[in-house]
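Engineer: This is the structure alone, sequence omitted:
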């Protein structure tokens, strides 16, 4: 976030200058009193309103801050400093389109205001306009090459654009200019983590914790890096310390439980989820994972609340986490789809349980219409950012399929069957949603040597026997055209056995 500008008032008004100085020193009470006194006397209204607005924002009162900054803008509509500060507050409460408008108004008044170019870059990036965001970030560092915020912003854009080396260099420039620049240090840690430079990433996250002890994300990353470095006891201690500080932190409970169950300490993982339920008795994720670890009250499928809650929490880092697990399902689905459809396109395609849209890049060329459906709004937001879908729907999958009989030529279901225990109704609904001769391609996690058709694993995902899947396909009157065994992912260094199954609906003449 661009830093707010507190422009020094004109020398004629020493009391307002004294208020600004008190504000800078952290004496907010004295500063507030003077600002309000000026407003009561209708003296220096634009400046007093602006500074009081920044003070209110500093205290977490964003609505009041916006009122005051709008008042300042009305009093001095041609002041680019006020417009920039107003834009920064709007951006801080996720009103990025409005913030962009204000940044651009500021730049129109003063094209060399680097703070406005920097803020504009952030707003454009959040709105998905990466090329424009990069241009603004480069203009900001051109105007103020010694501004660490500008270099940090440029680094973020380059990282999003898939250029980690330039991003790394820009983060280094920001940190060289300001060694305690917390955001740049944390972002560099994220970049190093993604590059599997875990020791270096851990160093960044620990430095971030020193600078901002209340930053939950940095503490979570410390624990995650320790786990991935197989420094498991340190990781467990870090997760427990995190929960001691933030007892309602969902991702810390999940991280600690995952660490324990991957070490084979399933009973300890269950105890974590029981502790979680003491803080939040109806938490859908805790209830589901407790059932997964104990085998007690196992549901026939993952509940809607669990799926929504779980994936909304992890949406931001979902793709990155799967890359760390060497997740292979989308590539395997793509290869089978190539075999099934050859070079044919022009299909109406459903990405069933689309998540963040990992399958969209290879589905789009096959589709005259590409629809995605998922229960998690957070995941759909990430999918929408790809700009590849014609429509995205928030819905429970089986219900959505039932509502669209004969709608699709192709249905792809990557890593979604694993959130259903009993699959007969799901596969039957997929069959009915296909047009004659249509293709239903899906993955599942394989369960061997079991008398039960499915099992809920401590991971929270269901595994199925081949017999159970074959029976469901036959009952749905689908034709099984191919099957392939794959390693779906790795957990704790161990392969997770998966299957890719391609089925087809009967041709119209055969179905009549």
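Structural biologist: Here it is on my side, so go on. The structure presented is a predicted model; accordingly, all values stated were derived computationally and were not measured.
Engineer: Let me know the pLDDT of residue 450.
Structural biologist: Note for residue 450: predicted pLDDT of 86.
Engineer: same check, this time on residue 37
Structural biologist: pLDDT, residue 37: 89.
Engineer: Which residue lies closest in space to it, excluding its sequence neighbours?
Structural biologist: residue 15 (7.8 Å; C-beta to C-beta, 6 or more residues apart in numbering). Using the backbone N, CA and C atoms, a C-beta is placed for each residue, glycine as well.
Engineer: wait, what's in contact with residue 223?
Structural biologist: 235, 238, 239, 242, 252, 255, 256 (C-beta atoms under 8 Å, 6 or more residues apart in numbering).
Engineer: Model confidence for the residue positioned nearest the centre of the chain, exactly?
Structural biologist: Residue closest to the average C-alpha location in the chain (C-alpha atoms, centre = their mean): residue 316, at 1.2 Å. Residue 316 carries a pLDDT score of 70 in this model.
Engineer: dump the residue contacts of it.
Structural biologist: Taking C-beta under 8 Å, 6+ apart, one finds 378, 382 in contact with residue 316.
Engineer: ok, now how distant is residue 476 from residue 425?
Structural biologist: 9 Å (C-beta to C-beta, to the nearest Å).
Engineer: between those two, which one's more packed in?
Structural biologist: residue 476 (21 against 17; other C-beta atoms under 10 Å).
Engineer: Point out the least confident member of the contacts of residue 223, please.
Structural biologist: residue 255 (90).
Engineer: what's around the closest residue in space to it that isn't next to it in sequence, how many residues?
Structural biologist: Nearest residue to residue 255, sequence neighbours excluded (C-beta to C-beta, 6+ apart): residue 239, at 5.5 Å. Counted with other C-beta under 10 Å, residues neighbouring residue 239 total 29.
Engineer: Tell me the helices and strands packed up against the one helix or strand residue 239 maps to.
Structural biologist: Residue 239 belongs to helix 232-245 when assigned by DSSP states H and E. When contacts are defined as 3 or more C-beta pairs under 8 Å, 6 or more residues apart in numbering; DSSP states H and E, helix 232-245 sits against helix 216-228, helix 250-262.
Engineer: thinking residue 134 is in contact with residue 154, fair?
Structural biologist: Yes: between residue 134 and residue 154 there is a contact under C-beta atoms under 8 Å: 7.4 Å.
Engineer: who touches both of those two?
Structural biologist: residue 121.
Engineer: ok, and for stretch 47-60, which residues are buried?
Structural biologist: 47, 48, 49, 50, 51, 52, 53, 54, 55, 56, 57 (16 or more other C-beta atoms under 10 Å).
Engineer: a strand runs through the second one, doesn't it?
Structural biologist: Pointing back at residue 48 there. No: under DSSP: H, G, I helix; E, B strand; the rest coil, residue 48 falls outside any strand and is assigned helix.
Engineer: just to revisit the earlier point, please produce TSV containing the buried residues of stretch 47-60, extended by pLDDT and distance to residue 396.
Structural biologist: Converted to TSV, the buried residues of stretch 47-60 look like this (pLDDT from 0 to 100; distance: C-beta to C-beta, whole Å):
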residue	pLDDT	distance to residue 396
47	89	54
48	90	54
49	92	49
50	92	49
51	93	51
52	93	49
53	92	44
54	93	45
55	93	47
56	93	43
57	94	40
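Engineer: Now the two most distant members of those residues.
Structural biologist: 47 and 57 (15.8 Å; C-beta to C-beta).
Engineer: Specify the beta-bridge partners of residue 393.
Structural biologist: residue 373 (DSSP bridges).
Engineer: contacting residues for it?
Structural biologist: Neighbouring residues of residue 393 by C-beta under 8 Å, 6+ apart: 371, 372, 373, 374, 400.
Engineer: quick one: which of these is nearest residue 139?
Structural biologist: residue 372 (35.6 Å).
Engineer: Report how many residues lie close to the closest one.
Structural biologist: With other C-beta under 10 Å as criterion, residue 372 counts 29.
Engineer: same check, this time on residue 485
Structural biologist: Neighbour count of residue 485, defined by other C-beta under 10 Å: 12.
Engineer: Many thanks, I have nothing further to ask.
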